[in-house]
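Asks: only geometry, no sequence info:
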């Protein structure tokens, strides 16, 4: 129900406009009447008005002043101005100030109805847009923790986000972090007795640790935290505006003091210990990923089986970047590509890995070994899963290569592994084609056996233990003919054969090929062969 307010100091005009709206059957409208701007404002204080029709010239507060007040108090109210020729220019100017339309007195009925419908359509669209915005905001609020986590994971894993886009996302996700300002990363690991708990309980404990961290740090730092895929709690901190001047040793000491206190509080309230690695301060977000991987490395080197240990990397001012592969470990991973049959993408990724090995790790036997183990492990996995051994794809003289005496021969390593991958691909694709051929024959044999009965895609799929949609796609790709077309073609060919070589009646032939309705069988046959079954029989009996 729309709320419509008519305002004019002339009662006859108000009553006339109201009568016209009722006469033209404007459904879904409740009409309010005011004979001065003051009356109109009083009504609007009690009722939310969707559309106001007001005269421009009125005693006291004019229509233009009224419109301005309405615009300030309720920006959602549409306004149509009634004007005489003397105020015509004012009315046109008012359109630029937010009026929906203006009508010249005396008001033409058709013009009035048209203007009201147009204004209400605009009101409806604005309401729908407002609802959509509310729904979007509600969805954003409900998913805010997940969206914040996903963005932080992207930054930790060094996924490139242009600065302008990142700044916009930070603002949208209520993360008041400043680009290029110094930030530090805390990487927290739950220790005894926390790691003995199951996954769900650990998630609750991580949440509790996060709450304590927020209490300890939030009066001095902006905080952004998430659990990573390795079950660490990553916490990014950046000094609040009032504390941004504290830098260097003082900033590190303040953060260390608070982190030690955090350990104490976790022990006190949760009765367990945590380990913390504090990264050096660096520009946000440029240094975030390297800080994260340095912290991971620090756990490997310094905090192996420790309990409640503490390490600050702040004194390590200049550290070489972590020497790890990019393409080898970024999604999609090699095993995932082979499991989904994406051989072209696998070979392309393999090329990128070897390019990186040759460009960034030239002469490194250690990194060659890393690639060798990863690739041969993946190829062994897919070979074994397909019922083969890895050596099945190697010549006897090449099998010694799997011991690989000289990992420094990177070009040789690349050629051998690429050839091995191609051999496995060729064998598996050949086998797949053979398997596909057997599937097609099994389907066609089933159709032939069931030709006299109703045959559905679901029945065929159940017979060969496949999903109907997948079966339909495989059959079409292999034969360039849909299953339904094949069934009809076989039925028509069998019909034609029996018409030529038997004395069965037309309806009997139709029944043998699955058409229990003889007229329908005749109709389909004529559509395919251009003549009725009887005409076909007579033609071929000559």
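Replies: Cool, got the structure. What you see is a predicted model, and the numbers here were worked out from it, not measured in a lab.

Asks: Going by C-alpha atoms from here, please, whenever you check contacts or count neighbours.
Replies: Noted.

Asks: In which helix or strand does residue 372 reside?
Replies: According to DSSP states H and E, residue 372 maps onto helix 365-385.

Asks: Show me the contact partners of that helix.
Replies: 328, 334-335, 338-339, 353, 357, 361, 389-390, 407-408, 410, 413, 417, 421, 424 (CA atoms under 8 Å, 6 or more residues apart in numbering).

Asks: Just the buried subset of those, please.
Replies: The neighbour count (16 or more other CA atoms under 10 Å) marks 328, 334-335, 338, 353, 357, 361, 390, 407-408, 410, 413, 417, 421, 424 as buried among the contacts of helix 365-385.

Asks: just the strands in this structure please.
Replies: Secondary structure of the chain by DSSP state E: the strands cover 2-7, 29-34, 51-55, 78-83, 101-104, 182-190, 221-227, 233-239, 274-278, 282-283, 310-312.

Asks: Quick check: can you name the pairing partners of the shortest one and their directions?
Replies: Pointing back at strand 282-283 there. strand 182-190 (antiparallel) (DSSP bridges).

Asks: tell me the average confidence for the partner strand?
Replies: Strand 182-190 shows a mean pLDDT of 93.

Asks: Please identify the most buried of the strands of the chain.
Replies: Mean neighbours per residue, mean count of other CA atoms under 10 Å, is largest over the strands of the chain for strand 51-55, with a mean of 27.

Asks: Relative to it, what are the paired strands and their orientations?
Replies: The strands beside strand 51-55 in its sheet (DSSP bridges) come out as strand 2-7 (parallel), strand 78-83 (parallel).

Asks: Out of the ones you listed, which is closest to residue 185?
Replies: Ranking these by proximity to residue 185 (CA to CA) places strand 78-83 first, at 51.9 Å.

Asks: So, low pLDDT: which residues of the stretch 301-450 of the chain?
Replies: 301-309, 314-323, 362-366, 391, 394-412, 429, 431-433, 435 (pLDDT under 70).

Asks: Show me what stretch 270-277 is in contact with.
Replies: 186-194, 259, 263, 266-267, 295, 298-299, 307-313.

Asks: now do stretch 136-144
Replies: With contacts defined as CA under 8 Å, 6+ apart, stretch 136-144 is touched by residue 173.

Asks: repeat for stretch 294-301
Replies: Here stretch 294-301 makes contact (CA under 8 Å, 6+ apart) with 187, 277, 278, 279, 313, 322.

Asks: Next up, phi/psi of residue 178, please.
Replies: For residue 178, the backbone dihedrals (degrees, to the nearest 10) come out as phi -100, psi 130.

Asks: Run through the residues that contact the residue nearest to residue 288 when sequence neighbours are not counted.
Replies: Residue nearest to residue 288 in three dimensions, not counting chain neighbours: residue 156, with 6.1 Å by CA to CA, 6 or more residues apart in numbering. The contact partners of residue 156, by CA under 8 Å, 6+ apart, come to 288, 289, 290, 292.

Asks: Distance check, the last one against residue 313.
Replies: What that stands for is residue 292. Residue 292 is 11 Å from residue 313, where distance means CA to CA, to the nearest Å.

Asks: same question, the first one
Replies: Distance of residue 288 to residue 313, computed by CA to CA: 13 Å.

Asks: Tell me which of these two has more neighbours.
Replies: Legend: neighbour count by other CA atoms under 10 Å for residue 288 and residue 313, higher for residue 288 (24 against 17).

Asks: Isn't that one up against residue 280?
Replies: No - the criterion here is CA atoms under 8 Å, and residue 288 misses it with residue 280 at 9.8 Å.

Asks: and for the two, which residues touch both?
Replies: Contacts common to residue 288 and residue 280, judged by CA under 8 Å, 6+ apart, are 184, 185.

Asks: List the contacts of the nearest residue to residue 70 once chain neighbours are set aside.
Replies: Nearest residue to residue 70, sequence neighbours excluded (CA to CA, 6+ apart): residue 77, at 7.2 Å. By CA under 8 Å, 6+ apart, the residues touching residue 77 are 49, 50, 51, 52, 70, 71, 123.

Asks: Which pair in the residues you listed has the greatest spatial separation?
Replies: Taking CA to CA, no two of these sit farther apart than 70 and 123, at 14.8 Å.

Asks: Residue 536 touches residue 497, doesn't it?
Replies: No - Residue 536 is beyond contact range of residue 497, at 10.6 Å (criterion: CA under 8 Å).

Asks: Quick check on the two: which one has the bigger neighbour count.
Replies: Counted by other CA under 10 Å, residue 536 and residue 497 do not tie: residue 536 has more neighbours, with 17 against 13.

Asks: Against residue 517, how distant is residue 66?
Replies: Taking CA to CA, one finds residue 66 at 77 Å from residue 517.

Asks: what number of residues lie near residue 106?
Replies: Neighbour count for residue 106, taken as other CA under 10 Å: 10.

Asks: and it, what pLDDT?
Replies: On pLDDT, residue 106 comes in at 87.

Asks: Phi, psi for it please.
Replies: phi -70, psi 140.

Asks: Tell me what angle the longest helix anywhere in the chain forms with strand 51-55.
Replies: As assigned by DSSP state H, the longest helix anywhere in the chain is helix 109-156. Put simply, helix 109-156 runs at 130 degrees to strand 51-55, going by axes from the mean of the first three to the mean of the last three CA atoms, to 10 degrees.

Asks: What's the mean pLDDT across helix 109-156?
Replies: Mean per-residue pLDDT for helix 109-156: 89.

Asks: same check, this time on stretch 204-220
Replies: 92.

Asks: Would you mind listing the buried residues in it?
Replies: Under the neighbour-count criterion of 16+ other CA under 10 Å, stretch 204-220 has 205, 206, 209, 210, 212, 213, 214, 216, 217, 220 buried.

Asks: who's in contact with it?
Replies: 190, 194, 223, 225, 227, 233, 239-240, 243, 258, 261-262, 265-266.

Asks: Least confident of those?
Replies: residue 243 (60).

Asks: OK, contacts around the closest residue to residue 105 other than its chain neighbours?
Replies: Nearest-residue entry for residue 105: residue 84, 5.3 Å, with adjacent residues in sequence omitted and distances by CA to CA, 6+ apart. In this structure, residue 84 makes contact with 104, 105, 106, judged by CA under 8 Å, 6+ apart.
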